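Chemist: Need a 3D model of the sequence below.
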Amino acid sequence: MSILFAVLIVFGILLLIVLVIGGMGVGIYNRLVTLRNEFKNQFAQIDVQLKRRHDLIPNLVETAKGYMAHERGTLDEVVAARNGAVAARQQAASDTTDPNAVAKVVAAEGVLTQSLGRLFAVAEAYPDLKANQTMLQLQNELTETENRISLSREAYNESVRNYNTQREIFPNSLLAGIFNFGPASLYEITDPGDREVPKVSFT
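Modeler: Predicted structure coming up:
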């Protein structure tokens, strides 16, 4: 009788341990899912602002084209950079958990920022373009969009840091490996030139 009682106690203790560990595992899994969904949602906010930026650029180029007939190369460069950025953004939006896709967005947006900077530098030589109301409105919208992108990027990076921290600490790292919670990539701008918002106001 005492042996049976001891076996039942041991079994009860083991069952309790399994339930506690299982409960912890479920809690960790759910926390990782929540944090992953959070950074994906934050990337979606960046995506909205990048799309707005990309949608403004064709109008900007069309407006400038009427005044900058001899600057075809600069305009074509902006269009090509914009198309590359759109493609990178769409690829990353389809899988925000792919760190390489986010890195491609950062690189493509850097190229676009630099080409826009060159466009505005060249546009300085065209007084009529500088005074064009459509151009001025587009510049204001672009500046506002750049500011929103910056804020969205900060929120995204914060959510990525939270997610990466949770997936790396023990014992979370064990479940992260088992359930393929891979690392998320920060939206980091490494080239100092890419950090500068294009000069979009003529003075």
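Chemist: Relative to residue 99, how far out is the most centrally placed residue in the chain?
Modeler: Residue closest to the mean C-alpha point of the chain, counted by C-alpha atoms, centre = their mean, is residue 43 at 4.4 Å. Separation of residue 43 from residue 99 (C-beta to C-beta, to the nearest Å): 12 Å. For the C-beta atoms, the positions are set from N, CA and C on the backbone; glycine is no exception.
Chemist: do residue 126 as well
Modeler: 42 Å.
Chemist: Residue 7 too?
Modeler: Taking C-beta to C-beta, one finds residue 7 at 51 Å from residue 99.
Chemist: which of these two has more neighbours?
Modeler: With neighbours defined as other C-beta atoms under 10 Å, residue 7 and residue 99 compare such that residue 99 has more, 15 against 10.
Chemist: And the pLDDT for the more buried one?
Modeler: Looking at residue 99, its pLDDT stands at 82.
Chemist: The one 4 residues further on too?
Modeler: If you check residue 103, the pLDDT there is 91.
Chemist: In this structure, where is pLDDT below threshold?
Modeler: 1, 190-203 (pLDDT under 70).
Chemist: Helices along the chain, start to end?
Modeler: 2-65, 72-94, 99-123, 127-131, 133-168, 172-178, 192-195 (DSSP state H).
Chemist: got JSON lines for those helices, with distance to residue 184 too?
Modeler: Converted to JSON lines, these look like this (distance: least, C-beta to C-beta, whole Å):
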{"stretch": "helix 2-65", "distance to residue 184": "5"}
{"stretch": "helix 72-94", "distance to residue 184": "12"}
{"stretch": "helix 99-123", "distance to residue 184": "7"}
{"stretch": "helix 127-131", "distance to residue 184": "42"}
{"stretch": "helix 133-168", "distance to residue 184": "4"}
{"stretch": "helix 172-178", "distance to residue 184": "11"}
{"stretch": "helix 192-195", "distance to residue 184": "21"}
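Chemist: Which stretch among those helices is buried most, on average?
Modeler: helix 99-123 (a mean of 20; mean count of other C-beta atoms under 10 Å).
Chemist: elements contacting that one?
Modeler: With contacts taken as 3 or more C-beta pairs under 8 Å, 6 or more residues apart in numbering; DSSP states H and E, helix 99-123 sits against helix 2-65, helix 72-94, helix 192-195.
Chemist: Need these in TSV (columns: distance to residue 131).
Modeler: Output for the helices and strands packed on helix 99-123, formatted as TSV (distance: least, C-beta to C-beta, whole Å):
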stretch	distance to residue 131
helix 2-65	12
helix 72-94	19
helix 192-195	28
